[in-house]
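Colleague: Build me a model:
(one chain, ligands or ions: 1)
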Amino acid sequence: MSFEEKLKTFRERYRAITVLGGVQGLLGWDQMVNMPHGAMAERGAQLHALGGIIYDMGTNPEFGQLIENLASEIPDLDADDPIAREIKLAKRQYDLATKVPKDKMMEMIMATTQAQGVWEKAKASNDYALFQPYLQKILDLSLEFVEYFKPYDHPYDALSNQFEPGMKSKEVKAIFDALRPRQVELIKAIGERPQPKDDFLYKRYDIAMQRKINYLVATLQGYDWSRGRMDESVHPFTTSFGMDDVRITTKYIENDASGAFFSTMHETGHALYELGLGRMYQGTSLGSVSSMALHESQSRLWENLVGRSKAFWSYFYPIYQAYFSEHLSGVSLDDFYKAINKVSPSLIRTESDEATYNLHIMLRFEIELAMLEGKINTKDLPEVWNEKMRDYLGVVPENDTTGVLQDVHWSGGMIGYFPSYALGNLIASQWWHKLSQDRPNTLDEIAKGDLSGVLAWLRENVHQHGSRYDAMDLVKRVTGEPLNPDYYMDYLNEKYREIYSI
Ligand SMILES: [Zn+2]
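Modeller: Predicted structure coming up:
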């Protein structure tokens, strides 16, 4: 067989796996959005069966040999060539997939499917004890997985590698250690200043109207409704079943309209990324986003650098005000802008302000490290959580629903994911700095309600590349320098020192 023939066969088989991955995603989406609670066991069986088929296809020795043959015909796999990269990534995925025995993979799918249902129930009824055995099971399985991925510097690296290829917990720790005192200093300075009024944000906001304004803002961001849709779920998320079906969810709370609004901008940011992947990479190992930090760099950029900017609201506030005139007719743009940017240590990560957000991540990162090192027993997690909340943020949750049970990640088996959020914040600021250099009129355009320039820049510099480059490599290629947390701190300092007159 010629190289071209082998490549064609390989691509057909790879594509079949990604197509089934889309079906798997659809079952997962349905579980979170539509499925009746009673169907949990049946759904678990369906995901289990499908997961088995996908596992078999992805670890098939013949498929592995095909990849191996292709790799051997490309002499330098690090060469800057898309096909070399495509094969290299497929090889990386194959090697990882074949390291975990099938029965273990199946056990993990079963455990996480069950745990998600239990977590929802436990969260709703403030019952950590109900969830604890399921979390323990996931932790035990994760520790078994880690063994398959030896050698590693730290067990954490073996798990986070699936979300952030190549990123080491040591590097994350160094970044967090450098950031923490600077963030704490800013938060402390803010804490000494009077707080803006924000009671108007927490009145009763009609949910039907919230839905309308959320559709409006997602449309303004450039979300293509012919290839996407928005539904509701306990925990907002974005999911992709392929290049032409990328869906988002949101969660409405009557007395907190801005929560759903910014969450929608966030998820739309994720969806725009998936919808902007290069069509030429469809169905290949390059046609997906391999770094969750890059993903978060998109969602956080839209949510915060665009969505919480003065430029955006100078355009959007009159519209927003018209939708909710009973609460906002007497509130000035400046007061509204300050209210949505109020910095106040709070309990819930997803609702936290930009200045304190990373502290929520550092707390989870430390807990995960300690869990993997066997230094924390899952039974003691609520106490550990509350203690760290006091230490990091100075607030303590009254119950586990707003504490240790708030996030979906652990029930989904995603230990090692959280740092991607914080890294995403840093990358977003670095993109923004470069974007503002490349397109100096960006803020003027945003103030006129034109967000297309932002999307066009992201499409060209980030989205289209898919998995063509590793995350940190792409950051360097686009911005001309490695990840630099200064952009993030400069952005926070500039913005918040103005808002709080520091
Ligand atoms: Zn996100």
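Colleague: hey, C-alpha coordinates of the longest strand along the chain in PDB?
Modeller: The longest strand of the chain (DSSP state E) is strand 246-250. This file holds the C-alpha atoms of strand 246-250, laid out as PDB (Å, rounded to 0.1, in the frame of the first residue of the first chain):
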ATOM      1  CA  VAL A 246     -22.200  22.400  19.000                       C
ATOM      2  CA  ARG A 247     -24.700  23.000  21.800                       C
ATOM      3  CA  ILE A 248     -24.700  25.100  24.900                       C
ATOM      4  CA  THR A 249     -26.800  25.000  28.100                       C
ATOM      5  CA  THR A 250     -27.500  27.600  30.700                       C
END
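Colleague: since we're on the residue nearest to Pro419 when sequence neighbours are not counted, how many residues are nearby?
Modeller: Closest residue to Pro419 apart from its sequence neighbours, by CB to CB, 6 or more residues apart in numbering: Val172 at 4.7 Å. Where you see a C-beta, it was placed from the backbone N, CA and C, and this is true even at glycine. With neighbours defined by other CB atoms under 10 Å, the count for Val172 comes to 25.
Colleague: what helix or strand is Val172 on?
Modeller: helix 169-191 (DSSP states H and E).
Colleague: Now the element after that helix, going C-ward?
Modeller: Next in sequence after helix 169-191, counting helices and strands by DSSP H and E, comes helix 207-221.
Colleague: what about the strands in this structure?
Modeller: Using DSSP E, the strands assigned to the chain run over residues 230-232, 238-240, 246-250.
Colleague: Same list (the ones you listed) but as a markdown table, adding mean neighbour count, mean pLDDT and distance to Glu296.
Modeller: Below are the strands of the chain laid out as a markdown table (neighbours: other CB atoms under 10 Å; pLDDT from 0 to 100; distance: least, CB to CB, whole Å):
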| stretch | mean neighbour count | mean pLDDT | distance to Glu296 |
| --- | --- | --- | --- |
| strand 230-232 | 15 | 97 | 19 |
| strand 238-240 | 22 | 97 | 11 |
| strand 246-250 | 23 | 98 | 15 |
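Colleague: Would you mind checking the average pLDDT for stretch 124-132?
Modeller: For stretch 124-132, mean pLDDT rounds to 97.
Colleague: Report the separation between the two terminal residues of it.
Modeller: Taking CA to CA, to the nearest Å, the first and last residues of stretch 124-132 lie 15 Å apart.
Colleague: how long is stretch 469-484 from one end to the other?
Modeller: 18 Å.
Colleague: Next: stretch 57-64.
Modeller: End to end - CA to CA - stretch 57-64 spans 10 Å.
Colleague: Go through that stretch and flag the buried ones.
Modeller: 57-60, 63-64 (16 or more other CB atoms under 10 Å).
Colleague: Show residues contacting the helix holding Val172.
Modeller: 153-154, 156-157, 160, 343, 345, 355-356, 358-359, 361-362, 365, 369, 419, 422-423, 426, 483, 485, 488-489, 492-493, 496-497, 500, 502 (CB atoms under 8 Å, 6 or more residues apart in numbering).
Colleague: Can you lay out the buried residues of stretch 57-64 as TSV showing distance to His409 and pLDDT?
Modeller: Below are the buried residues of stretch 57-64 laid out as TSV (distance: CB to CB, whole Å; pLDDT from 0 to 100):
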residue	distance to His409	pLDDT
Met57	27	97
Gly58	23	96
Thr59	26	96
Asn60	30	97
Phe63	30	97
Gly64	31	97
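Colleague: from those residues, which is closest to Gln437?
Modeller: Using CB to CB, Gly58 is the member of those that sits closest to Gln437, with 41.8 Å.
Colleague: Could you pull up the contacting residues of the nearest residue to that closest one once chain neighbours are set aside?
Modeller: Sequence neighbours aside, Ala97 is the residue nearest to Gly58 in space, at 4.7 Å (criterion: CB to CB, 6+ apart). The neighbourhood of Ala97, defined by CB under 8 Å, 6+ apart, consists of 55, 58-59.
Colleague: In helices, which of the residues you listed fall?
Modeller: Per DSSP state H, helices hold the following members of the contacts of Ala97: 55, 58-59.
Colleague: Out of these, which comes closest to Ala90?
Modeller: Looking across the ones in helices among the contacts of Ala97 and measuring by CB to CB, the closest to Ala90 is Gly58, at 9.7 Å.
Colleague: all helices for the stretch 251-400 of the chain, in order.
Modeller: Under the criterion DSSP state H, counting those that start in this stretch, the stretch 251-400 of the chain contains helices at 257-275, 292-300, 310-323, 325-328, 333-340, 354-372, 381-393.
Colleague: Pull out the buried members of the contacts of helix 169-191.
Modeller: 154, 156-157, 160, 343, 345, 355-356, 358-359, 361-362, 365, 369, 419, 422-423, 426, 483, 485, 488-489, 492-493, 496, 500.
Colleague: where does this structure dip in pLDDT?
Modeller: Scanning the chain with the threshold set as pLDDT under 70 gives 75-79.
Colleague: Domains in it, by residue range?
Modeller: 3-99, 169-499 (automatic domain parsing).
Colleague: So what's the residue count around Arg204?
Modeller: Counted with other CB under 10 Å, Arg204 comes out at 10.
Colleague: Can you report phi and psi for it?
Modeller: Dihedral pair for Arg204: phi -80, psi 110, per degrees, to the nearest 10.
Colleague: now Val289
Modeller: Torsion angles, degrees, to the nearest 10, at Val289: phi -100, psi 120.
Colleague: Tell me which residues touch it, please.
Modeller: Applying CB under 8 Å, 6+ apart, the residues contacting Val289 are 273-274, 277, 295, 466-467.
Colleague: what's the closest of those residues to His409?
Modeller: His295 (14.0 Å).
Colleague: you'd agree the closest one is up against Gly424?
Modeller: Yes. Contact status for His295 versus Gly424: in contact at 6.9 Å, counting by CB atoms under 8 Å.
Colleague: Surely Gln132 touches Asp380?
Modeller: No. Here Gln132 lies out of contact with Asp380, judged by CB under 8 Å, at a distance of 9.8 Å.
Colleague: More neighbours: which of the two?
Modeller: Set Gln132 next to Asp380 and count neighbours by other CB under 10 Å: Gln132 wins out with 19 against 11.
Colleague: if I look at that one, how far off is Thr378?
Modeller: 6 Å (CB to CB, to the nearest Å).
Colleague: now swap in Leu455 and tell me
Modeller: According to CB to CB, Leu455 and Thr378 sit 42 Å apart.
Colleague: now do Val234
Modeller: Distance from Val234 to Thr378, by CB to CB: 22 Å.
Colleague: before we move on, what about Trp432?
Modeller: As judged by CB to CB, Trp432 and Thr378 stand 39 Å apart.
Colleague: so who does the spatially closest residue to Gly287 that is not a sequence neighbour touch?
Modeller: Nearest residue to Gly287 in three dimensions, chain neighbours excluded: Tyr281, at 3.8 Å (CB to CB, 6+ apart). Contact analysis of Tyr281 by CB under 8 Å, 6+ apart lists 82, 86, 287, 466-468.
Colleague: which one of those residues has the most neighbours?
Modeller: Gly466 (27 neighbours).
Colleague: can you pull the buried residues of stretch 280-294?
Modeller: Going by neighbour count (16+ other CB under 10 Å), the buried part of stretch 280-294 is 281-294.
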